[in-house]
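Undergrad: Predicted model and sequence below, questions to follow.
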Amino acid sequence: MDSEEQMTIRQMCDAFEVTARTLRFYEAKELLFPIRIGQKRLFTRRDRARLKLILRGKRFGFSLEEIRQLLDLYDMGDQQHTQLVKTYEVAQQRLSDMEQKRDELNEAIAELKEQMAWGDKMISSLRNTKAAE
C-alpha cells in the first residue's frame with residue numbers, strides 16, 4: 001500500500017474534524033483498524049470510508065453497535081447487497097423514530113406557545129389592574 005493512501009491520526013483529525021481521542025475510541029470499539037507501527041497509527045482508505053459512515057450514522061442517531069453491525073456486513077461477499085438491505089431497514093426505523101420525536105416536539109412547542117400567550121395576557125391584565133389603582 002503506498003503512503004499516499006495512508007493518513008496519520010492528525011491528518012484524519014483535520015480531514016474529518018474529530019479528535020484523536022475519538023479515533024482511538026473508535027479503534028478500541030473495533031470500528032476502525034489503522035495500521036500500527038509502534039505508537040504511530042496509519043489510516044487506510046478503508047478506514048476513511050468507515051469513519052465517514054460512522055460519523056454519518058452517529059449524526060442520524062444510530063448506536064455504535066448498529067453501526068458496527070452494518071459495517072461488518074461489508075465483507076459478506078454479495079456485492080454489499082446484505083449490507084445495503086440491512087442499512088435501509090435500520091434507516092427506515094430510525095427515520096420513523098425521528099419523525100415521531102419531531103411530531104412530539106412540535107406538539108410540545110405549540111403547547112408551550114399557548115401557555116406563554118396565556119401568561120402574557122395574565123401579565124398584561126395584572127399590569128393594567130395595577131395601573132388603574
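TA: Sure, I can see it.

Undergrad: Could you confirm Arg36 falls within a strand?
TA: Yes - according to DSSP: H, G, I helix; E, B strand; the rest coil, Arg36 belongs to a strand.

Undergrad: gap between it and Leu51?
TA: Arg36 sits 17 Å away from Leu51 when distances are taken as CB to CB, to the nearest Å. Every residue, glycine included, has its C-beta placed from N, CA and C.

Undergrad: Then Gln115?
TA: Per CB to CB, Gln115 is found 44 Å from Leu51.

Undergrad: likewise Thr22?
TA: 9 Å.

Undergrad: who has more neighbours, the two?
TA: Between Thr22 and Leu51, counted using other CB atoms under 10 Å, Leu51 has the larger neighbour count: 21 against 17.

Undergrad: can you pull the contacts of that one?
TA: Shown in contact with Leu51 (CB atoms under 8 Å, 6 or more residues apart in numbering): Met12, Phe16, Val18, Leu23, Tyr26, Leu32, Phe43.

Undergrad: Export the residues you listed to JSON lines and append columns for neighbour count.
TA: Output for these, formatted as JSON lines (neighbours: other CB atoms under 10 Å):
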{"residue": "Met12", "neighbour count": "21"}
{"residue": "Phe16", "neighbour count": "17"}
{"residue": "Val18", "neighbour count": "17"}
{"residue": "Leu23", "neighbour count": "22"}
{"residue": "Tyr26", "neighbour count": "22"}
{"residue": "Leu32", "neighbour count": "23"}
{"residue": "Phe43", "neighbour count": "24"}
